[in-house]
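J.: have a look at this prediction, sequence included:
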Amino acid sequence: MVGVSAFRRSISLPKPARHSPPPPEKSLHVRSTSLPNRFHPLTAQLKHHLHALHAWHHSLGPSSSSSSAWLLAGLNRLKLLHHSFDDFLNLPQSRQSLTASNRLVDALLDRFLRFADAFGIFRAALVALREETRATQVALRSSTRRRRLGDISDCCCYYSAYLKCRRRLHKEVLLLLGVVRDIDKKAAAVVTTSGDEDQEEETEVARILMEVSLATVGVSAAVFGAVMGSSSSTSSFMGLLVRRRRKSSDEEGLIIRELEEASGDELRRLMKREEKTALRRLETLENCVAEFEKESEGVFRSLIAARVSLLNVLTR
């Protein structure tokens, strides 16, 4: 018989609970609210317009620089770019990013003001030229009996006013081209300033600002340069505007320079001999000037809207 003392009750104590280290916190990717998502619809749309302008510029060929259709397409694409740019500037993320980049915004405000002034002056000169062209047409159509008798003094008077207007346009655009080239020279300095290490790191918004500005320089220089005949072609702006497209597959037009070069006795002989031709060419010229006027006004208004949006960044 086994004694009761052989069976000793053991007291088992619960094991102390192990204190396992807390699970590591998940590293969350915090998206910066200062930059708009690169896949934002407005950002994608703006970049699309930038690529379209780059493609337009690279489509430049030996004949493109003297083609009014090519220049008008550039102005139209520039207008669409600035409309999209204005929408982009009104994004809250864009405003927040630019608030810390007042230096860059100030530089671009000055640049956009000069752009707007340039296109405003250019459009005003085109309006004056179109009015003088129309007045010359009216004078050429009127006084039929006197023209048949060889008296075309009224026509010569109006044509002289037209020539003065053309020379004034040439002078003004020469100054505008200098303004655009000056803006282009200062572009690198603005980019360097915005990327200074002491300043906030250059953001996507700042890069887009500069791309839009440089695209505006490119189109402006192309249009004003064509007006001044700065390319190797000897055709002047008046010849450029009356360029007509052929109906064949060859899209190059014929430059008509008789009216531009004619003066004095040459003008009298042309009006007496080819009155219908002169009227047709003047009408073509007026229509082309009106197209440039319309596109230039669109660019001017879009520049003003973009500049107002930039001003709102500083005032809010």
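T.: Received the coordinates, thanks. The shown structure was predicted, so the numbers you read here are calculated from the model rather than taken from an experiment. Numbering: from 1, shown residues only.
J.: so where does Leu108 fall, helix or strand?
T.: In the assignment (DSSP states H and E), Leu108 maps to helix 102-141.
J.: how about that helix: buried residues?
T.: 104-105, 107-109, 111-112, 114-116, 118-123, 125-126, 128-130, 132-137, 139-140 (16 or more other Cβ atoms under 10 Å). All C-beta atoms are positioned from the backbone trio N, CA, C, and that covers glycine.
J.: and the strands in the stretch 201-316 of the chain?
T.: In order along the chain, the stretch 201-316 of the chain carries no strands (DSSP state E, counting those that start in this stretch).
J.: any stretches of it with poor pLDDT?
T.: In the predicted model, the stretch 201-316 of the chain carries pLDDT under 70 at residues 201-203, 228-274.
J.: try it again at 50.
T.: Where the stretch 201-316 of the chain drops to pLDDT under 50, the residues are 201-202, 230-264.
J.: quick one: the helices in the chain?
T.: Per DSSP state H, the chain carries helices over the ranges 41-58, 68-89, 92-99, 102-141, 144-148, 153-194, 204-228, 237-241, 258-261, 265-273, 275-315.
J.: which of those helices sits most buried?
T.: helix 237-241 (a mean of 23; mean count of other Cβ atoms under 10 Å).
J.: right, and Thr43 touches Phe88 too?
T.: Yes. In this structure, Thr43 is within contact of Phe88 by Cβ atoms under 8 Å, at 6.7 Å.
J.: next, Ser101: phi, psi?
T.: Per-residue torsions, Ser101: phi -130, psi 50 (degrees, to the nearest 10).
J.: wait, it touches Ala206, no?
T.: Yes. Ser101 lies in contact with Ala206 (Cβ under 8 Å); the separation is 5.9 Å.
J.: state the distance from Arg111 to Ala222.
T.: 18 Å (Cβ to Cβ, to the nearest Å).
J.: same question but for Ala139, I mixed them up
T.: Counting by Cβ to Cβ, the separation of Ala139 from Ala222 is 34 Å.
J.: next: His83.
T.: 20 Å.
J.: what of Val180?
T.: To Ala222, Val180 is 10 Å away according to Cβ to Cβ.
J.: same question, Ala135
T.: Counting by Cβ to Cβ - Ala135 and Ala222 are separated by 30 Å.
J.: what does Arg95 give?
T.: From Arg95 to Ala222 the distance is 32 Å (Cβ to Cβ).
J.: do the same with Ser94
T.: 28 Å.
J.: cool, Lys47 as well?
T.: From Lys47 to Ala222 the distance is 21 Å (Cβ to Cβ).
J.: could you do Arg103 as well?
T.: Counting by Cβ to Cβ, the gap from Arg103 to Ala222 is 29 Å.
J.: repeat for Val308
T.: From Val308 to Ala222 the distance is 26 Å (Cβ to Cβ).
J.: likewise Arg280?
T.: 28 Å.
J.: kindly report the same for Asn76.
T.: 13 Å.
J.: again, but for Gln93
T.: From Gln93 to Ala222 the distance is 33 Å (Cβ to Cβ).
J.: please apply the same query to Gln96.
T.: From Gln96 to Ala222 the distance is 35 Å (Cβ to Cβ).
J.: try Asp182
T.: 16 Å.
J.: do the same with Leu71
T.: Taking Cβ to Cβ, one finds Leu71 at 7 Å from Ala222.
J.: what of Val179?
T.: Applying Cβ to Cβ to Val179 and Ala222 gives a distance of 15 Å.
J.: check contacts around Glu172.
T.: When contacts are counted by Cβ atoms under 8 Å, 6 or more residues apart in numbering, Glu172 touches Ile121, Phe122, Ala125.
J.: now, which of the residues you listed sits nearest Ser213?
T.: For these, the closest approach to Ser213 (Cβ to Cβ) belongs to Phe122, at 18.0 Å.
J.: pretty sure the closest one sits against Val173.
T.: Yes. In this structure, Phe122 is within contact of Val173 by Cβ under 8 Å, at 6.7 Å.
J.: and Arg316, how many neighbours?
T.: Residues contacting Arg316 under the criterion other Cβ atoms under 10 Å number 7.
J.: likewise for Leu91?
T.: Neighbour count for Leu91, taken as other Cβ under 10 Å: 17.
J.: so it is in contact with Leu42, correct?
T.: Yes. Assessed by Cβ under 8 Å, Leu91 is found in contact with Leu42 at 6.2 Å.
J.: confidence score at Pro23?
T.: Turning to Pro23, the model gives it a pLDDT of 56.
J.: quick one: the spatially closest residue to Gly298 that is not a sequence neighbour and Ala73, what's the gap?
T.: Among residues not flanking Gly298 along the chain, Lys79 sits closest, at 4.1 Å (Cβ to Cβ, 6 or more residues apart in numbering). Between Lys79 and Ala73 the computed distance is 11 Å (Cβ to Cβ).
J.: likewise Lys171?
T.: Relative to Ala73, Lys171 is positioned 27 Å away (Cβ to Cβ).
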